[in-house]
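K.L.:
pasted the sequence and its predicted model underneath.
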Amino acid sequence: MASSPTLNGQTLSLSPFSHDLISARYIGWLSDPVLMQYSRQRFLTHSVATCEAFASSFDNSPNFFWAVLAKDPALGHIGNLTATVDAHNRVADLTIMIGERSAQGKGLGMEAWQLAMNYLL
C-alpha cells in the first residue's frame, strides 16, 4: 500500500487499513445483500481469509486502502475507502463503502470522499 498518514476530518478520519479491523461485523457488511446490491462483492463469499487477501493486495502497490473511522467512539470503524492510482495518467479510481447502517445518510461518506480527494490532489 502506498504510504499515507492518517487523514483527519471534522467527524472522522481515514487511517491506513489494518488487518485487526477484519471482524464478523466487517464481513457482515460485505455479505449484506442490500448493501452490496450494486457491488461486484455481491458475487463473492467473504471470510477472514478473503478479507486479509484483499487487504494484502495493496502491499507494495501505489494504491491506498483506508479505514473510515468515526470520531464518535460508539461508531468506530464504519467503512472503507480505496484509491486505485494510475500515476502515469495522474488519475485515481475511488471506491467507498459505509457499511455501518447507523452511520449511513449522515454525510460521513461525503466527508471521507473529500478527505481522500484532497489528499490525492
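P.N.:
Thanks, I have it.

K.L.:
only C-alpha atoms for contact and neighbour calcs from this point on.
P.N.:
Noted.

K.L.:
counting neighbours, what do you get for residue 86?
P.N.:
12 (other C-alpha atoms under 10 Å).

K.L.:
can you dump the C-alpha atoms of stretch 76-85 in PDB for me?
P.N.:
Extracted in PDB, the C-alpha atoms of stretch 76-85 (Å, rounded to 0.1, in the frame of the first residue of the first chain):
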ATOM      1  CA  GLY A  76     -15.700   3.400  15.400                       C
ATOM      2  CA  HIS A  77     -14.900   1.600  12.100                       C
ATOM      3  CA  ILE A  78     -17.800   2.500   9.800                       C
ATOM      4  CA  GLY A  79     -16.400   1.600   6.400                       C
ATOM      5  CA  ASN A  80     -13.600   1.600   3.900                       C
ATOM      6  CA  LEU A  81     -12.300   3.700   1.100                       C
ATOM      7  CA  THR A  82      -9.800   2.600  -1.600                       C
ATOM      8  CA  ALA A  83      -8.000   4.600  -4.300                       C
ATOM      9  CA  THR A  84      -6.500   2.700  -7.300                       C
ATOM     10  CA  VAL A  85      -3.900   5.100  -8.600                       C
END
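
K.L.:
could you check how many residues crowd around residue 77?
P.N.:
Residue 77: 24 surrounding residues under other C-alpha under 10 Å.

K.L.:
what of residue 117?
P.N.:
Neighbour tally, residue 117, other C-alpha under 10 Å: 13.

K.L.:
same check on the one 4 residues further on?
P.N.:
For residue 121, the tally of surrounding residues (other C-alpha under 10 Å) stands at 8.

K.L.:
done for today, thanks.
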